[in-house]
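# The sequence and its predicted three-dimensional model are supplied below.
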Amino acid sequence: MTFAEIPQLVELQSLIEEGHPQLQARIVCEVQAGQRRFPIHALTLGNPSPDVPAVGFFGGVHGLERIGADVVIAYLRSLVKRLHWDSVLHEQLQGVRLIFMPLVNPGGLSLGTRANPNGIDLMRNAPVDAVEPVPFMIGGQRYSRGLPWYRGEPGVPMEAEGAALCAFVEEELLSRRFSLAVDCHSGFGSDDRIWFPYAHTTRPIQHLPEIHALQTIFEQTHAYHRYVFEPQSQQYLTHGDLWDYLYLRAQTQGEKVFLPLTLEMGSWLWIKKNPRQAFSRLGIFNPLINHRQQRVMRRHIALLDFLARAGSGCQRWLPATDAAREHHLSAAMTRWYRGMP
């Protein structure tokens, strides 16, 4: 597959050119896949001041899950087109920093693999070990890079793609008092899920009150949504989760709030509506019929736009007092951790 045959990269380059100079872009690393080298782009939009909140959008961590990259690029396209005429967007961007890494694993996309070209699953490769039992294989394995969910050798630095993502997040998100991120994936179940940490343990995260406050305003403003909002640990635990690693890194950097989310689009529904997709590797993880692709874009672009707005207006909904945090903590424990001591 040549560069020109990866439409996500072609469109991304076009958006970079159209969005300049408001949209800033740089190549944070390049990866080899076969005879080709592919760039990994990191993009920024909005106020660069470290005093404003920031929101990050990520996709394409798993090469097979092209729909994740497509959703992030579609949202970026909407913003770039609106830059030409939308005065409200320009006002919003004065108070928020938006960052994008739409295609984290271009080598995996070009090869049609979940893993990167080295055979390593980037979402099992961070230096975090689960403290409780993980499901066999899916939780991360070190038997063979020829099998899914391979973590990589112990003690070896993270793969270049994951290291580039982490460096970008530390620079643009963890440096701020408030930030949140959403990483777009597909393939789990028939429901669209919004996961928050942890993936390596069943215990609640420190910022559970803030997560519950975010979930509350989402349900208030999107009353008819179909997302399941939950900790990933309620489904399964894993080793090496990138967002657990980055959340734990954020806890070492003072009084900051970093809320990483994972959008897990339920691809089983696409298979149910078009069973022939089950016989295609891409069909297991992506909608293959055009009108379903468009429906997915409409639904999830609204979510990403909500998160951008929530980041911009975070001071209006974050629990600011001990009483408010205790209220949200109690409600969150009842909703997600009932029965936990």
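Looks like it came in fine.
# which one is Q215 nearest to, not counting chain neighbours?
Leaving aside its chain neighbours, Q215 sits nearest to F229 (4.8 Å; criterion: Cβ to Cβ, 6 or more residues apart in numbering). Yep, even glycine has a C-beta here, placed from its N, CA and C like the rest.
# And the helices in the stretch 201-341 of the chain?
Assigned by DSSP state H, counting those that start in this stretch, the stretch 201-341 of the chain shows helices spanning 208-221, 242-250, 268-273, 290-312, 322-336.
# Go through those helices and pick out the most buried.
Greatest average neighbour count among these goes to helix 242-250 (a mean of 22), per mean count of other Cβ atoms under 10 Å.
# same question for it, mean pLDDT?
For helix 242-250, mean pLDDT rounds to 98.
# Where do the helices of the stretch 51-200 of the chain begin and end?
Under DSSP H, counting those that start in this stretch, the stretch 51-200 of the chain gives helices at 66-82, 87-93, 106-111, 160-172.
# Would you mind giving those as CSV with mean neighbour count, mean pLDDT and distance to P260 added?
Formatted as CSV, the helices of the stretch 51-200 of the chain follow (neighbours: other Cβ atoms under 10 Å; pLDDT from 0 to 100; distance: least, Cβ to Cβ, whole Å):
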stretch, mean neighbour count, mean pLDDT, distance to P260
helix 66-82, 23, 97, 15
helix 87-93, 13, 97, 22
helix 106-111, 25, 95, 21
helix 160-172, 20, 98, 8
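# May I ask which helix or strand of the chain has the lowest mean pLDDT?
Ranked by mean pLDDT, DSSP states H and E, the helix or strand of the chain with the weakest confidence is helix 268-273, at a mean of 87.
# can you list contacts of it?
Residues from elsewhere that reach helix 268-273, judged by Cβ atoms under 8 Å, 6 or more residues apart in numbering: G189, S190, D191, Q277, A278, G283, I284, N286, P287, L288, R292.
# what does stretch 334-341 give?
For stretch 334-341, using Cβ under 8 Å, 6+ apart, the contacting residues are T202, R203, P204, L208, H212, E230, P231, Q234, M333.
# at 6 Å instead, please
Contacts with stretch 334-341, where a contact means Cβ atoms under 6 Å, 6 or more residues apart in numbering, come from P204, P231.
# related to what we said a few turns ago, redo the helices of the stretch 51-200 of the chain as a markdown table? Include distance to L242.
Below are those laid out as a markdown table (distance: least, Cβ to Cβ, whole Å):
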| stretch | distance to L242 |
| --- | --- |
| helix 66-82 | 14 |
| helix 87-93 | 27 |
| helix 106-111 | 14 |
| helix 160-172 | 6 |
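# Would you tell me which of those helices gets closest to T221?
Across these, T221 has its closest neighbour in helix 87-93 (15.6 Å, Cβ to Cβ).
# Can I get the closest one in PDB? Just the C-alpha atoms.
The C-alpha coordinates for helix 87-93 follow below in PDB (Å, rounded to 0.1, in the frame of the first residue of the first chain):
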ATOM      1  CA  SER A  87     -17.000  33.500  14.800                       C
ATOM      2  CA  VAL A  88     -18.300  31.500  17.800                       C
ATOM      3  CA  LEU A  89     -15.600  28.900  17.200                       C
ATOM      4  CA  HIS A  90     -12.900  31.600  17.100                       C
ATOM      5  CA  GLU A  91     -14.100  32.900  20.400                       C
ATOM      6  CA  GLN A  92     -14.100  29.300  21.900                       C
ATOM      7  CA  LEU A  93     -10.600  28.700  20.700                       C
END
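# roughly how far is it from the heart of the chain?
24 Å (Cα atoms, centre = their mean, to the nearest Å).
# Find the centremost residue of the chain, please.
The residue lying closest to the centre of the chain (Cα atoms, centre = their mean) is D183, at 0.6 Å.
# hang on, isn't it packed against F58?
Yes. Taking Cβ atoms under 6 Å as the definition, D183 is a contact partner of F58 at 4.3 Å.
# per-residue confidence at the closest residue to A302 other than its chain neighbours?
Ranked by Cβ to Cβ, 6+ apart and with sequence neighbours excluded, the top spatial neighbour of A302 is H222, at 7.3 Å. You'll see H222 listed with a pLDDT of 94.
# Name the residues contacting each of D183 and F58.
Counting by Cβ under 6 Å, 6+ apart, D183 and F58 have no contacts in common.
# other SSEs contacting the helix or strand containing I16?
Element membership of I16, judged by DSSP states H and E, is helix 7-19. Counting contacts by 3 or more Cβ pairs under 6 Å, 6 or more residues apart in numbering; DSSP states H and E, helix 7-19 packs against helix 66-82.
# how far is the helix it packs on from where the chain is centred?
Mean-position distance between helix 66-82 and its chain equals 13 Å (Cα atoms, centre = their mean).
# How about stretch 94-112?
9 Å.
# got the CA positions of that stretch in CSV?
Written as CSV, here are the backbone C-alpha positions of stretch 94-112 (Å, rounded to 0.1, in the frame of the first residue of the first chain):
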residue,chain,number,x,y,z
GLN,A,94,-9.4,31.7,22.7
GLY,A,95,-10.2,29.8,25.9
VAL,A,96,-9.1,26.2,25.0
ARG,A,97,-6.3,24.3,23.3
LEU,A,98,-7.3,21.4,21.0
ILE,A,99,-4.7,18.8,20.1
PHE,A,100,-5.0,16.0,17.6
MET,A,101,-3.1,12.8,16.8
PRO,A,102,-5.6,11.2,14.3
LEU,A,103,-3.5,8.4,13.1
VAL,A,104,-1.1,7.0,15.8
ASN,A,105,-0.4,3.7,14.0
PRO,A,106,-0.1,4.4,10.2
GLY,A,107,2.1,1.4,9.7
GLY,A,108,-0.5,-0.9,11.2
LEU,A,109,-3.2,0.7,9.0
SER,A,110,-1.1,0.2,5.9
LEU,A,111,-0.5,-3.5,6.8
GLY,A,112,-4.1,-4.1,7.9
